[in-house]
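Asks: Give me a model of this one.
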Amino acid sequence: MVQDAIATKKQIRHKVILVGLLCLFVANLPVFAAEPQSAENAPAAPPPDLELLSRGKPVFPAMWNAYRPIPLPPVDSSNGPKVSRYVQQRKLSLSLSEFLQLVVENNLAVQAARYNYLIAQVDLLRARSGQAARGVPGAPLPPALFAGAIGAGVGNISNVGNQGTGGTAISASARQVFGGPRGIADPTLSINTSWDRVVDPLNSTRVAGTSTVAINSAVLQTRFQQQLPFGTSYSISFNMQRQMTTQTRILFNPAYTSFFSVDFYQPLLNGAGRAFTKRFVSVAENDRRIAYQAFHGDLGTVLVAAADTYLDFLASRERQRLAERALALAETIHQSTQQRIEIGSLAPSDLVTAQLQVATSRRDLIVAQTNTQLLEVRLKSLITKAIGPDTAAIQFEPTD
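Replies: Below you'll find the predicted structure:
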């Protein structure tokens, strides 16, 4: 009989292990089924789902999905498709409006500013769970409200208790009941299980009927808790214990003890009301609005700077043309001076002045060409994510 019981327990243990491995495989089925793809053949990453970032993954039917990270697509380092459309005969001809459209599509500063809004969405999801908001860049948090708020929230999670699972005793004192806020906005289920075996050798067999007492104990402790929007919090606890001993003079073997409780907590003044429990959510929603407006402010700043660079490039090209004309005029004057010196109408010292003017004009032309080339590179960097050899060889040609 003992061997049959041991064999049955082994079979049950093997089945439990098999079911656990099966659940693990089902939970990670996309990971096992996924095949590695090269960067060239990998499909384009979809845009981030803003609604998913604000509400989170559903808990049912796959509960483990709610605890998995939400993947965000990486920044695409390749240039957008619009850049190649405007390239004609090795020239990038763009008007000011077309240039600004490419800035919005390919500028890395604009793409980096978009992530602040995504951070604000996730921060709002965190605040709705009952935790303190972390804030986003450019949105200051109230120091009085968020002093030491890292890890804090509108409530707290109470651990499972040991009521009904300890040793029993007869006491003349009544049990005192203490209540406090339990849980956070997201419902929490806590489960604690344990199994232990204690063996005590005895010096007498009169009390226990045996020289060695072995006690097997199995404990289950559970608690479900949540805080509601108006400050009300509740918790439901259920504990159970099973003990079996080798003593011969025990009335109930195995012995079962259980405990069940339902607790409600409603503050009347401190912590009562929807405004108090949603204070972090209100701040997170304001931060999301601030992040939205800050993105448009950053976008406007980038566009203004890009438009100024475009206009500076036009002005630099005009200065280069003027420098070219000034050099041509200085060379003409130099040739005329040489001819007049040969016929004797001018002194030879006037040739030095003409040569100085030619050298000055060449210097001004080199400076103008350098400034124009630097502005051209800057314009290309504003509308492309990576300047390669092909992009560097293309000449920028403004049409305005």
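
Asks: Go ahead and flag the most central residue of this protein.
Replies: Central residue of the chain (C-alpha atoms, centre = their mean): Ile119, 5.6 Å from the mean position.

Asks: any idea which element that one lies in?
Replies: Assigned by DSSP states H and E, Ile119 belongs to helix 108-128.

Asks: For the residue nearest to the centre of the chain, which residues are in contact?
Replies: Residues counted as contacts of Ile119 (C-beta atoms under 8 Å, 6 or more residues apart in numbering) are Val136, Pro137, Ala291. The way it works is simple: take the backbone N, C-alpha and C, and place the C-beta from them, glycine included.

Asks: Sort out which residues of the helix holding Ile119 are buried, please.
Replies: By neighbour count on 16 or more other C-beta atoms under 10 Å, the buried set for helix 108-128 is 110, 113, 115-128.

Asks: Please apply the same query to stretch 380-389.
Replies: For stretch 380-389, by 16+ other C-beta under 10 Å, it's Lys380, Ser381, Leu382, Ile383, Thr384, Lys385.

Asks: Name the residues that touch that stretch?
Replies: 76-79, 83, 92, 94, 99, 102-103, 105-108, 306, 309, 377, 391-392, 394, 396.

Asks: what's the average pLDDT for the longest helix anywhere in the chain?
Replies: Of all the segments of type helix in the chain, defined by DSSP state H, the longest one is helix 279-343. Mean pLDDT, helix 279-343: 89.

Asks: Measure how it sits relative to helix 108-128, angle-wise.
Replies: Angle of helix 279-343 versus helix 108-128, following axes from the mean of the first three to the mean of the last three C-alpha atoms, to 10 degrees, is 170 degrees.

Asks: Give me the buried positions along the following helix or strand past helix 279-343.
Replies: Later in the chain than helix 279-343, the nearest helix or strand by DSSP H and E is helix 349-383. Buried residues in helix 349-383, counted by 16+ other C-beta under 10 Å: 354, 357-358, 361, 364-365, 368-369, 371-372, 375-376, 378-383.

Asks: and what of stretch 202-213?
Replies: In stretch 202-213, counting by 16+ other C-beta under 10 Å, buried: Ala208, Val213.

Asks: any idea of the mean pLDDT in it?
Replies: 76.

Asks: And that stretch, how far out from the chain middle?
Replies: 63 Å (C-alpha atoms, centre = their mean, to the nearest Å).

Asks: which residues touch that stretch?
Replies: For stretch 202-213, contacts defined as C-beta under 8 Å, 6+ apart pick out Val199, Asp200, Pro201, Thr245, Thr246, Gln247, Thr248, Arg249.

Asks: and those residues, which are buried?
Replies: The neighbour count (16+ other C-beta under 10 Å) marks Thr245 as buried among the contacts of stretch 202-213.
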